[in-house]
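[1] I'll drop the sequence and a predicted model, then ask my questions.
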Amino acid sequence: MSLLERVKYLANKQKISLKELALKLGMGESAIYKWDKSAPSTDNLQKVADYFGVSTDYLLGRDEPEIIEDDKLKVIASHIDDDVTEDDMEEILNFIEFIKSKNK
């Protein structure tokens, strides 16, 4: 899956067009569509990653997240190491709850 395809996938999940996303993030209307032919700036790539709560590595196809299904919700979760602390796990669970509330 290409960078543009990943962004389209995430945008579709959020029910937002690429044009709306670009404008919301302060880019030109067709900025994201151009990513099929040329690489985005680091700043714009980071803006999109932050908006969707994913890593830039995921957008670039370097990191495949685990998909966790929870009834009507699909949460993209990053890999959790075996040595995760209780505080880290609490932060992860709080983030998942935040995503759930955002998607309602």
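    That came in fine, so what should we check first?
[2] What's the first helix or strand after the worst-scoring helix or strand of the chain on mean pLDDT?
    When the helices and strands of the chain are compared on mean pLDDT, DSSP states H and E, strand 73-77 comes out lowest with a mean of 43. As assigned by DSSP states H and E, the chain's next helix or strand after strand 73-77 is helix 86-102.
[3] And the protein, what are its domain boundaries?
    Here the domain parsing of the chain from automatic domain parsing is 3-59, 66-102.
[4] Can you get me the start-to-end distance on the first one?
    When you say that, I think you mean domain 3-59. 6 Å (C-alpha to C-alpha, to the nearest Å).
[5] Tell me how far residue 15 lies from residue 61.
    Residue 15 is 24 Å from residue 61, where distance means C-beta to C-beta, to the nearest Å. All C-beta spots, glycine's among them, are computed from the backbone N, C-alpha and C.
[6] Counting neighbours, go ahead and name the busier of those two.
    Under the neighbour definition other C-beta atoms under 10 Å, residue 15 and residue 61 were set side by side, and residue 61 has more, 12 against 8.
[7] element containing the more buried one, please.
    Counting by DSSP H and E, residue 61 is held by no secondary-structure element, helix or strand.
[8] correct me, but it touches residue 5?
    No. Residue 61 is beyond contact range of residue 5, at 9.3 Å (criterion: C-beta atoms under 8 Å).
[9] circling back to that earlier point, looking at the domains of the chain, which has the lowest confidence?
    Among the domains of the chain, domain 66-102 carries the lowest mean pLDDT, a mean of 61.
[10] now, of the domains of the chain, which is deepest in the fold?
    Ranked by mean neighbour count under mean count of other C-beta atoms under 10 Å, the domains of the chain are led by domain 3-59, which reaches a mean of 15.
[11] any idea how far that one is from the chain center?
    Using C-alpha atoms, centre = their mean, to the nearest Å, the mean C-alpha position of domain 3-59 is found 9 Å from that of the whole chain.
[12] swap in stretch 95-102?
    The answer for stretch 95-102 is 13 Å, by C-alpha atoms, centre = their mean.
[13] which one is residue 23 nearest to, not counting chain neighbours?
    residue 29 (6.3 Å; C-beta to C-beta, 6 or more residues apart in numbering).
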